[in-house]
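Enquirer: just a sequence and a predicted model for now, questions to come.
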Amino acid sequence: MSDNGSAPEPPESSPPAETPSAGTPPDSGKASRSKVLGVPSKTSGEARAVTATKAGAGLVAAVRALARRRDKKRVDPDADSAEADANNLETTASTAGNDDSLTERRAQARMGGGQARIDAQHARGKLTVRERINRLLDPKSFEELGPYVEHRHSAFGLDRQRHAGDGVVTGFGYIDGRRVAVFAQDFTVLGGSFSETQALKVGRLLETATASGLPVFALLDSVGARIQEGIWSLAGFGDLFWRNTQASGVVPQISLMLGPCAGGAVYSPGLTDFVIMARGSSYMFITGPDVIRTVTGEEVDAETLGGADTHAGGSGVAHFVADDENAAFDLARQLLGYLPSNNAEDPPIVEAEQSLEPDVAELDNLIPEAAEEAYDIRDAITRIADRHSFLEVHADFAPNAVVGFIRLKGRVAAIVSNQPEHLAGVLDIDASDKIARFIRFADSFNIPLVTLIDCPGFLPGADQERNGIIRHGAKIVYAYSEATVPKVSVVLRKAYGGAYIVMSSKMIRTDVCLAWPTAEVAVMGAKGAVSILYARQLKQELPSKRDAERARLEDEFEKQFNSPFVAAATGHIDDVIHPRETRARVVAALDFLKDKQTAAMPKKHGNIPL
């Protein structure tokens, strides 16, 4: 071979004449060579034309060499060993050539769309697809699948834009020693646009991960569908959505938004269990700013329309927001530490350490004396859970409710609570959706539920009614009633009306219901009840004595109806406990309930009020 990889130039002079072996006719070698070439013994014009080309000359030279070795063997008995040595050298050279070819192909595949596009990716402050995978997974643990797959389309110049892997990297690896599946879009290849080939690769990965019980991580950075492929790209989206749905409730699915995600592409992360967005570099929207400007005339930038803060605090699509990509990877690894690999396993357990015990005595002074005074429910959560174990989910969405993961003596639990510090902890449409979705995830993956209750009821208002507070509030009832994991609830202060019922009450089959002495379990608060029940009596009272009479009636109503001991006497509360006893009682209850089994009515599935 020449330096440029082409075949060698034909020799300028003919090879030296060969010496026939003893007893061999002078022309036998020529006849043999002619037979191998498949041409008559007399050289024809076509044959001469062939030998005049580079490839033809090389072929003729090879055949002649073969004939010389054959002739030599006839007169040299040691030729076999010499030929074997030569063959070994040729095999070694061939293997080395194959290795070089594989190495080159791998290197080319890892370059994605090329160095210029990699530089452009870095200039945007974004990592490349393989840098992302390496930072998410344990070092040197990634095993890639399908690195050489290419698309098959040619319209709009696609036949000149074929890249190994076709803009998505798929495979398996480890996170903290646990097996996971991961796929990552490569923005340097056609903007990471979703193609028929991407659907094939990701679909196979999801199928294998679901069958093997492995969590799935999606690293998304794409302009959307590859419109040059037409219906094939759309069909690929449909297949992906179907596979997301089949995997739901079987293995955890976590999406990391590391760039744009537009159009139909947003429905895949929307179907997964958790969405982590990198602030400033990731966007999600059905229609982008340009389309909105064209159709409606509205001026809006990408960050306002679909940035991380918009989806974390407004739409609720994003469960977590990270300041940058590295923080997103750290958050994803931390989240996995609370989750089982699949629905047949229990959440991971860490060793309980004395240093992780919280200061439970502080709970006795948590509830303010004035019923209208607010406090932060996170102060209760962090004094019940192991130290530093609380991972809040949806922290910026519906702040009147707080949900997240905690550990109790090293065991994972899902915490659901009202937040008196915001809107007094009332339930509204967003809080209902937030709570119901989190409950259903926890139940899907065998994570016990702990509910802390301080809720004065559902948020009143015409807007709430028009937008469906009844339908959304019913989701909480459905989620708690459907859940079969161990369920423990603690009433800290207010538990009024319908909010008391839906927030893990005994009537919807919560296993253990506890209450603090400050709990008020009733249809409504004393002030509201007295205003309704004693309106006529108070109206007839002298103005100078009306306030004193109201205070007396409210105190009487609280003792008769709102006391936790009244609820305990009727069996709606299992026990009234000191706040400092909460951690120990919850831990004990979950330990007794850890082997809980329930029998469900035979049905295909229920009809949650979506």
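Expert: Yes, it's here.

Enquirer: what's the closest non-adjacent residue to the spatially most central residue of the chain?
Expert: Centroid-nearest residue in the chain, with Cα atoms, centre = their mean: residue 254, separated by 1.2 Å. Computed as Cβ to Cβ, 6 or more residues apart in numbering, the closest residue to residue 254 that is not its neighbour in sequence is residue 274, at 4.9 Å. C-betas here are computed from N, CA, C, even on glycine.

Enquirer: residue 423 and residue 459 touch, don't they?
Expert: Yes. With contact defined as Cβ atoms under 8 Å, residue 423 and residue 459 form a contacting pair (6.8 Å).

Enquirer: the residue nearest to residue 254 and residue 314: what is the separation?
Expert: Distance from residue 274 to residue 314, counting by Cβ to Cβ, to the nearest Å: 18 Å.

Enquirer: equivalent analysis for residue 219, please.
Expert: 24 Å.

Enquirer: neighbour count winner among residue 423 and residue 459?
Expert: Counted by other Cβ atoms under 10 Å, residue 423 and residue 459 do not tie: residue 459 has more neighbours, with 21 against 18.

Enquirer: now do the contacts for the more buried one.
Expert: 423, 426-428, 469 (Cβ atoms under 8 Å, 6 or more residues apart in numbering).

Enquirer: what's the domain layout of this protein?
Expert: 28-106, 112-336, 354-519+573-593, 525-562 (automatic domain parsing).

Enquirer: please list all residues in contact with residue 404.
Expert: 381, 390-393, 395, 414-415.

Enquirer: over to residue 248?
Expert: 271-273, 444.

Enquirer: near residue 111, how many other residues are there?
Expert: Counted with other Cβ under 10 Å, residue 111 comes out at 17.

Enquirer: which residues sit in contact with it?
Expert: residue 118.

Enquirer: give me the pLDDT value at residue 193.
Expert: pLDDT for residue 193: 89.

Enquirer: I figured it was touching residue 221, is that so?
Expert: No. Between residue 193 and residue 221 there is no contact under Cβ under 8 Å: 10.8 Å.

Enquirer: compare the two (neighbour count), which wins?
Expert: Ranked by neighbour count (other Cβ under 10 Å), residue 193 and residue 221 place residue 221 first, with 28 against 22.

Enquirer: what's the closest non-adjacent residue to the more buried one?
Expert: Per Cβ to Cβ, 6+ apart, closest to residue 221 is residue 259, 3.1 Å.

Enquirer: same check, this time on residue 207
Expert: residue 243 (6.7 Å).

Enquirer: phi, psi for that neighbour please.
Expert: phi -70, psi -40 (degrees, to the nearest 10).

Enquirer: model confidence for it, exactly?
Expert: Confidence score, pLDDT, at residue 243: 97.

Enquirer: measure it to residue 419 for me?
Expert: 36 Å.

Enquirer: kindly report the same for residue 407.
Expert: From residue 407 to residue 419 the distance is 21 Å (Cβ to Cβ).

Enquirer: where do the strands of the stretch 151-300 of the chain begin and end?
Expert: Remark: strands assigned in the stretch 151-300 of the chain by DSSP state E, counting those that start in this stretch are 168-175, 178-185, 216-220, 253-257, 260-262, 274-278, 283-285.

Enquirer: show me the one of those that comes nearest residue 506.
Expert: strand 274-278 (30.9 Å; Cβ to Cβ).

Enquirer: which residues belonging to that closest one are considered buried?
Expert: Within strand 274-278, the residues scored as buried using 16 or more other Cβ atoms under 10 Å are 274-278.

Enquirer: can you pull out the strands in the stretch 301-450 of the chain?
Expert: Counting by DSSP E, counting those that start in this stretch, the strands of the stretch 301-450 of the chain are 320-322, 391-393, 401-408, 411-418, 449-455.

Enquirer: which other helices and strands contact the strand ranked longest in the chain?
Expert: Ranked by number of residues, the top strand in the chain under DSSP state E is strand 487-496. If you count contacts as 3 or more Cβ pairs under 8 Å, 6 or more residues apart in numbering; DSSP states H and E, strand 487-496 packs onto strand 449-455, strand 512-515, strand 520-522, helix 582-593.

Enquirer: backbone dihedrals for the residue nearest to residue 517 when sequence neighbours are not counted, please?
Expert: Using Cβ to Cβ, 6+ apart and skipping the chain neighbours, the partner closest in space to residue 517 is residue 576 (6.1 Å). Phi and psi for residue 576, reported as degrees, to the nearest 10, are phi -100, psi 130.

Enquirer: could you redo the contacts of residue 404 as a markdown table and give each row neighbour count?
Expert: A markdown table is the format used below for the contacts of residue 404 (neighbours: other Cβ atoms under 10 Å):
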| residue | neighbour count |
| --- | --- |
| 381 | 20 |
| 390 | 17 |
| 391 | 19 |
| 392 | 16 |
| 393 | 20 |
| 395 | 17 |
| 414 | 25 |
| 415 | 26 |
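
Enquirer: re the thing from before, can you say which of the contacts of residue 459 are buried?
Expert: For the contacts of residue 459, buried by 16+ other Cβ under 10 Å: 423, 426-428, 469.

Enquirer: what about these, which are in helices?
Expert: residue 469 (DSSP state H).

Enquirer: who's in contact with residue 554?
Expert: Per Cβ under 8 Å, 6+ apart, neighbours of residue 554: 526-527, 530.

Enquirer: downstream of the helix or strand where it lies, the next helix or strand is which one?
Expert: Taking DSSP states H and E as the criterion, residue 554 maps to helix 543-557. Per DSSP H and E, the first helix or strand lying C-terminal to helix 543-557 is helix 564-569.

Enquirer: list the buried residues in that next one.
Expert: Here helix 564-569 shows 564, 566-568 as buried, counting by 16+ other Cβ under 10 Å.

Enquirer: output that helix as CSV, restricted to C-alpha atoms.
Expert: Coordinates of each C-alpha in helix 564-569 appear next as CSV, following Å, rounded to 0.1, in the frame of the first residue of the first chain:
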residue,chain,number,x,y,z
PRO,A,564,-57.3,15.1,69.6
PHE,A,565,-58.6,13.0,72.5
VAL,A,566,-62.1,13.2,71.1
ALA,A,567,-60.8,11.7,67.8
ALA,A,568,-58.7,9.2,69.7
ALA,A,569,-61.8,8.1,71.7
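
Enquirer: now for it, which elements pack on it?
Expert: Using 3+ Cβ pairs under 8 Å, 6+ apart, helix 564-569 sits against strand 512-515, strand 520-522, strand 575-576.

Enquirer: kindly reformat these as TSV containing mean pLDDT and distance to residue 349.
Expert: Shown next, in TSV, are the helices and strands packed on helix 564-569 (pLDDT from 0 to 100; distance: least, Cβ to Cβ, whole Å):
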stretch	mean pLDDT	distance to residue 349
strand 512-515	98	21
strand 520-522	91	34
strand 575-576	98	27
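
Enquirer: which stretches of the protein aren't confidently modelled?
Expert: Scanning the chain for pLDDT under 70 picks out the ranges 1-98.

Enquirer: burial count for residue 499?
Expert: For residue 499, the neighbour count with other Cβ under 10 Å is 23.

Enquirer: list the contacts of the closest residue to it other than its chain neighbours.
Expert: Sequence neighbours aside, residue 455 is the residue nearest to residue 499 in space, at 4.2 Å (criterion: Cβ to Cβ, 6+ apart). Counting by Cβ under 8 Å, 6+ apart, residue 455 touches 418, 425-427, 494-496, 499-500, 503.

Enquirer: mind listing what's buried in stretch 394-410?
Expert: The neighbour-count check on stretch 394-410 (16+ other Cβ under 10 Å) flags 394-409 as buried.

Enquirer: rewinding a little: just put the helices and strands packed on strand 487-496 in JSON lines and tack on distance to residue 154.
Expert: JSON lines is the format used below for those (distance: least, Cβ to Cβ, whole Å):
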{"stretch": "strand 449-455", "distance to residue 154": "54"}
{"stretch": "strand 512-515", "distance to residue 154": "65"}
{"stretch": "strand 520-522", "distance to residue 154": "70"}
{"stretch": "helix 582-593", "distance to residue 154": "60"}
